[in-house]
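Trainee: Using only what follows, build the 3D model:
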Amino acid sequence: MERDPTGLEPVKRSLPWDERAIRFERATGAPQIDPAVAAKAAAQVNIALSKVAPPHVRTEACKISAQGRLTTAARAGASVAMLLHFKKEIIEAARQADKAIINVVANETWAELKILVPYAQYRHASGLADLRERIEAENEGVVVPPFSMRWMRSRKVLEQHYQDGRLPQNAATVVFKVCSKAAGEKLLTEMWVAGVKFRAIPFIADRADTLCGRCSRWGHSEFRCYWGGPPVCTICAGPHRTEGHKCEVATCGKIGKVCTHTAMKCSNCGGCHPAKDGRCKAKAAAIAMARGGRASTLRRNSRSASPDDAARATGSSGPLNWVPGASASPTVPDWTEDEDAMEIVEVEPSGTAPPVAV
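Mentor: Numbering: from 1, shown residues only. Just a heads-up that it's a prediction; the model follows:
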C-alpha cells in the first residue's frame with residue numbers, strides 16, 4: 001500500500017531531542033527491559049522502516065531511561081510525526097525484540113519553572129504538597145509531578161535566613177516541572193495560586209558558560225557563588241559590581257556601560273576587553289565546555305571556570321525577583337536551550353578620546 005508522502009520531506013533545520021523522541025509503552029507488570037533487548041529493538045525498527053519509509057526516516061539507538069522506559073528518537077532530518085506515520089510497522093518490529101511492547105507514543109516533554117512564594121506560608125513539612133495541589137486546582141490542565149517540586153535553596157539555609165529575618169521580601173523560590181510545553185507556556189502567561197496571581201519564569205540550570213554577576217567567573221550564577229572577596233567588575237575587573245562601574249570623566253559619567261574612556265580589563269584572562277567579549281579565550285573555552293567540548297584550556301590558576309565550578313553549577317541563572325501579583329506580560333520562550341553567541345562587545349562613543357585598544 002502506498003503512503004501519502006505529505007509531511008515526510010526531510011527537515012532541514014536541527015530539531016531538539018524532544019521533537020524527535022518516541023516512547024514505547026509496555027504491558028503492565030512486564031519485567032525490566034534488558035539493554036540487549038533495547039539494542040535488538042532498535043535494529044528491528046530500522047530494518048522495518050527501510051522497507052516502507054524514506055531513507056531519512058530512521059531512529060537512533062534505543063535508550064532505557066532512569067524510570068525503566070524504552071525510548072528512541074528520529075535521526076537528523078526526521079521528526080516524531082514522521083516516525084508515528086509508520087506506527088504500525090514500528091510496533092510490530094519492536095515486538096520482535098520485546099513481546100511486552102504494546103504501543104509507541106511521542107515522548108513526554110517537560111517544562112521547568114520557578115516562582116517566588118511567601119516562605120512562612122509553605123515552610124511546614126507538607127508546604128510544597130499544598131502548593132502543588134493549589135497550582136493544579138487553579139490552573140486548568142496543569143499537572144505537577146510530586147517529585148519535581150523543590151526549594152531552590154536548601155531548607156536548612158532558608159530556615160536559618162527566615163529565623164534571622166534575612167529572607168528578601170520574606171519569600172523564597174520554588175522550582176517545579178509541568179508535564180508539557182503547552183502547560184508551561186500557559187503558566188508563563190498566567191498563573192494563580194490560592195486566588196493570587198503569580199508570575200512564573202523558566203528555570204534554566206547553570207552551565208559552564210554561565211557568568212557570575214558577583215565574581216565574574218564562568219561556570220555558575222551569583223546564586224551559587226563561592227567567592228569570598230569583593231565583587232568583580234566585568235568591564236574593568238575592579239572591586240565593584242558591573243552595574244556600579246562609572247566613567248570618571250565628568251563629560252561622560254556612564255554607569256554600568258563600556259565607553260571610550262574605559263580602561264577595559266578581563267577578570268578571567270587579563271586581556272584588554274570586558275569579560276563578556278566574544279574574543280575572550282576564557283569565554284570561548286567556557287562555551288566550548290558547555291557544548292561538550294574539551295575543558296583543557298580552563299586553567300585553575302586563572303579566573304576562568306574550573307571543572308569543579310561547572311560540576312556544582314545546579315542553581316538558577318536568573319535573579320529571584322518575581323513576586324505574587326506582578327503583571328504578567330512575559331514572552332513565551334523556546335524551551336530548547338539556545339547556545340550562546342560569540343558576541344563582540346561594542347564600545348559606546350562618549351567624547352573625543354580615542355577608543356581603548358581591544
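Trainee: Check which helix or strand the nearest residue to Met152 once chain neighbours are set aside maps to.
Mentor: With Cβ to Cβ, 6 or more residues apart in numbering as the criterion, Met152 has its nearest non-adjacent residue at 4.2 Å, and that residue is Thr173. For glycine as for every other residue, the C-beta is placed from the backbone atoms N, C-alpha and C. If you go by DSSP states H and E, Thr173 is part of strand 171-178.
Trainee: Only C-alpha atoms, please: export that strand in PDB.
Mentor: What follows is strand 171-178, C-alpha atoms only, in PDB (Å, rounded to 0.1, in the frame of the first residue of the first chain):
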ATOM      1  CA  ALA A 171       9.900  35.000  50.200                       C
ATOM      2  CA  ALA A 172      11.800  32.000  48.700                       C
ATOM      3  CA  THR A 173      11.900  30.400  45.200                       C
ATOM      4  CA  VAL A 174      10.300  27.100  44.400                       C
ATOM      5  CA  VAL A 175      11.300  25.100  41.300                       C
ATOM      6  CA  PHE A 176       8.900  22.700  39.700                       C
ATOM      7  CA  LYS A 177       8.100  20.900  36.500                       C
ATOM      8  CA  VAL A 178       4.900  20.500  34.400                       C
END
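Trainee: Can you name every helix or strand that the helix or strand following that strand contacts?
Mentor: For strand 171-178, the following helix or strand on the C-terminal side (DSSP H and E) is helix 181-189. Under the contact definition 3 or more Cβ pairs under 8 Å, 6 or more residues apart in numbering; DSSP states H and E, helix 181-189 sits against strand 111-118, strand 201-202.
Trainee: Can you check the distance spanned by stretch 253-268, start to finish?
Mentor: End-to-end span of stretch 253-268 (Cα to Cα, to the nearest Å): 26 Å.
Trainee: model confidence over that stretch, on average?
Mentor: Averaging pLDDT along stretch 253-268 yields 87.
Trainee: Quick check: Tyr162 touching Asn170?
Mentor: Yes. At 7.5 Å, Tyr162 counts as touching Asn170 under the criterion of Cβ atoms under 8 Å.
Trainee: Are there residues contacting both of the two? Which ones?
Mentor: 119-120 (Cβ atoms under 8 Å, 6 or more residues apart in numbering).
Trainee: thinking again about what came up before, hey, least reliable of the helices and strands packed on helix 181-189 by pLDDT?
Mentor: strand 201-202 (a mean of 86).
Trainee: From the contact counts, what lies against it?
Mentor: Applying 3+ Cβ pairs under 8 Å, 6+ apart, one finds that strand 201-202 contacts strand 111-118, helix 181-189.
Trainee: Pull the distance from it to the chain's centre.
Mentor: 10 Å (Cα atoms, centre = their mean, to the nearest Å).
Trainee: How about stretch 30-44?
Mentor: The answer for stretch 30-44 is 30 Å, by Cα atoms, centre = their mean.
Trainee: Repeat that for stretch 79-95.
Mentor: 30 Å.
Trainee: Any idea how far apart the tips of it sit?
Mentor: End-to-end for stretch 79-95, by Cα to Cα: 22 Å.
Trainee: Same check on stretch 250-270?
Mentor: End to end - Cα to Cα - stretch 250-270 spans 27 Å.
Trainee: Tell me where the stretch 1-150 of the chain has strands.
Mentor: Remark: strands assigned in the stretch 1-150 of the chain by DSSP state E, counting those that start in this stretch are 21-26, 63-64, 70-73, 101-106, 111-118, 150-151.
Trainee: Nearest to Val142 among those would be which one?
Mentor: For Val142, the closest of those is strand 111-118, at 10.2 Å, according to Cβ to Cβ.
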